[in-house]
Each structure stands twice: as structure tokens, then as C-alpha cells.
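Colleague: prediction below, plus the sequence it came from.
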Amino acid sequence: MTKRLFITLTAVLLAAGAQALAHHSFSAFNTETEKTITGTVNRFEWTNPHTWIWVDVNEGGKVVTWGVEGMSPNYLSRRGWSKNTFKPGDKVSLTIRPMRDGSPGGMFVRGVLADGKPVTFAATEK
């Protein structure tokens, strides 16, 4: 293998690795703090690569829709979640790692359904 080919292949592999790591960055979230939001599930997206819970939150008389990112359906289904874990109209309280830029969203940490049932990444409690 020539030196030039070796350098080219190395550069391609390093670039591919950097992209894979960038996908799992948590830099958009303030991982040093937690915020709890309470509202009504607007929709639950059971999609790859990450699930999303959209929650309508009353903020001083104005409804603001928060986007909360979760883990993949594959990861969550192995922990008892399903596409029906959150249904439109469900009253929920979610603890999140909020967005650094202050926009209405964050990363899911844990939640409580209206019936008091806790929901975590570890597993849903029966």
C-alpha cells in the first residue's frame, strides 16, 4: 500500500468516526440541570433514530408545545415501552434536561403519567 493511499484511507475512516460520534452529542442540552414540565401529550413519535414526545404546556395562559427527545424505539421497547406509552390527550409531568438555547424542548429523563405511573428509561413500572 502506498503512503498516499494509506493517508487517504485513514482520513476517510477518521471522518466517518467523527460523524458517528457527533450523532450522539448532548451539547444541545444543559446536562447540568433538570426542569419539570407538566402538560398534555400532543403526539408521541415512535421513530428512529430517536422518539419524540410533544407536550402542550400552559405557560401563563399561552400554550407552548415542547419537544422532548427520547431514546430509540428499539432501546425503549426492550424496557417495556411501546408506541402507546404516551397517547395524545394524556396528562403528563416530564423531567427533562432543557435546551441550552432556552427553546421549548429537552432530553427525557423521567416522567409521570396522569394515573401516577412512573416512566423511566430503565423500564416502565407496571
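Modeller: It's in. Numbering: from 1, shown residues only.

Colleague: so what's Thr47 up against?
Modeller: Pro73 (C-beta atoms under 8 Å, 6 or more residues apart in numbering). In this view, the C-beta of every residue, glycine as well, is placed from N, C-alpha and C.

Colleague: quick one: strands adjacent to the longest strand along the chain?
Modeller: Criterion DSSP state E: the longest strand present in the chain is strand 35-45. Strand pairing for strand 35-45, using DSSP bridges, gives strand 52-59 (antiparallel), strand 91-98 (antiparallel).

Colleague: quick one: distance of that strand to the chain centre.
Modeller: Centroid separation for strand 35-45 versus its chain: 12 Å, with C-alpha atoms, centre = their mean, to the nearest Å.

Colleague: now stretch 112-126
Modeller: 16 Å.

Colleague: just the buried positions in it, please.
Modeller: Within stretch 112-126, the residues scored as buried using 16 or more other C-beta atoms under 10 Å are 112-113, 119-120, 124.

Colleague: same check on stretch 87-98?
Modeller: Buried residues in stretch 87-98 (16+ other C-beta under 10 Å): 90, 92-98.

Colleague: what's the answer for stretch 45-63, then?
Modeller: For stretch 45-63, using 16+ other C-beta under 10 Å, the buried residues are 46, 50-55, 57.

Colleague: residues contacting the residue nearest to the spatial centre of the chain?
Modeller: Centroid-nearest residue in the chain: Glu69, 1.9 Å away (criterion: C-alpha atoms, centre = their mean). Contacts of Glu69 were listed using C-beta under 8 Å, 6+ apart, and they are 50-52, 105-108.

Colleague: what about 10 Å?
Modeller: Neighbour list for Glu69: 28-29, 45, 50-53, 96-97, 99, 105-108 [criterion: C-beta atoms under 10 Å, 6 or more residues apart in numbering].

Colleague: partner residues bridging it?
Modeller: Applying DSSP bridges, one finds that Glu69 bridges with Trp52, Met107.
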